[in-house]
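*Asks:* Model the structure of this input:
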Amino acid sequence: QVQLAESGGELVQAGDSLRLSCAASGRISSRRMGWFRQAPGKERAFVAALDWSGGGTNYADSVKGRFTISRDIAKNTLYLQMNSLKPEDTAVYYCAAGWATEIYDYWGQGTQVTVSS
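*Replies:* This next block holds a predicted model:
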C-alpha cells in the first residue's frame, strides 16, 4: 500500500518558478514515480518520471529544459521543480507510483497550479 500527498501548488505569474512536493508513505524503493497533469477540459497527461532506485528520469517534450524531477530518499519525497512557467502549464498536478511498465497504480489527490499571463 502506497499513499501519496502532493503540495506546493499555487497561483503564480508567467516566468515564475514553483516546486511541487509529493510525500510518500509505504514502500517505493522499486517504484517508478511520476508527475502527471490535467488541464481543464483535457485528459491527464504525462509530465515527468523517475526511477526511485536508480534515479533515471524522462520528461514530456513540453516541459523538457524547464522542469526537473528529483527525489529525497531519506524523506521519501518526490519533487517537481518548475521554472519559466507558462499559462499553458496551468493544471492540476498529480503524483503517481508505478512500475517500469509505465503502469501507475497509486495516485495522489492533486495540487492546483495556476499560471497567469
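
*Asks:* now the most centrally placed residue in the chain: how far from A24?
*Replies:* Geometric centre of the chain, nearest residue: W35, 2.7 Å, by CA atoms, centre = their mean. Between W35 and A24 the distance is 13 Å, computed by CB to CB, to the nearest Å. Heads up, the C-betas are built off the backbone N, CA and C, glycines and all.

*Asks:* what is in contact with those two at once?
*Replies:* Shared contacts of W35 and A24 (CB atoms under 8 Å, 6 or more residues apart in numbering): 78, 95.

*Asks:* those helices in the protein, which residues are they?
*Replies:* With DSSP state H, there are no helices along the chain.

*Asks:* all strands in it, in order from the N-terminus.
*Replies:* With DSSP state E as the criterion, the chain has strands at 3-7, 11-13, 18-25, 32-38, 45-51, 57-59, 67-72, 77-82, 91-98, 104-107, 111-116.

*Asks:* Would you convert the ones you listed into a markdown table that also reports mean pLDDT?
*Replies:* Listed next are the strands of the chain as a markdown table, based on pLDDT from 0 to 100:
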| stretch | mean pLDDT |
| --- | --- |
| strand 3-7 | 98 |
| strand 11-13 | 98 |
| strand 18-25 | 98 |
| strand 32-38 | 98 |
| strand 45-51 | 97 |
| strand 57-59 | 97 |
| strand 67-72 | 97 |
| strand 77-82 | 98 |
| strand 91-98 | 98 |
| strand 104-107 | 97 |
| strand 111-116 | 98 |
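
*Asks:* so what's the residue nearest to the centre of the chain bridging to?
*Replies:* W35 has these beta-bridge partners by DSSP bridges: A48, C95.

*Asks:* so what's it up against?
*Replies:* Neighbouring residues of W35 by CB under 8 Å, 6+ apart: 20, 22, 47-49, 69, 78, 80, 93-96.

*Asks:* Swap in 6 Å and give it another go.
*Replies:* 47-48, 80 (CB atoms under 6 Å, 6 or more residues apart in numbering).

*Asks:* with those in mind, which one is nearest to L11?
*Replies:* L80 (16.9 Å; CB to CB).

*Asks:* Dig out what that closest one forms beta bridges with.
*Replies:* Legend: beta-bridge partners of L80 under DSSP bridges are L20, I69.
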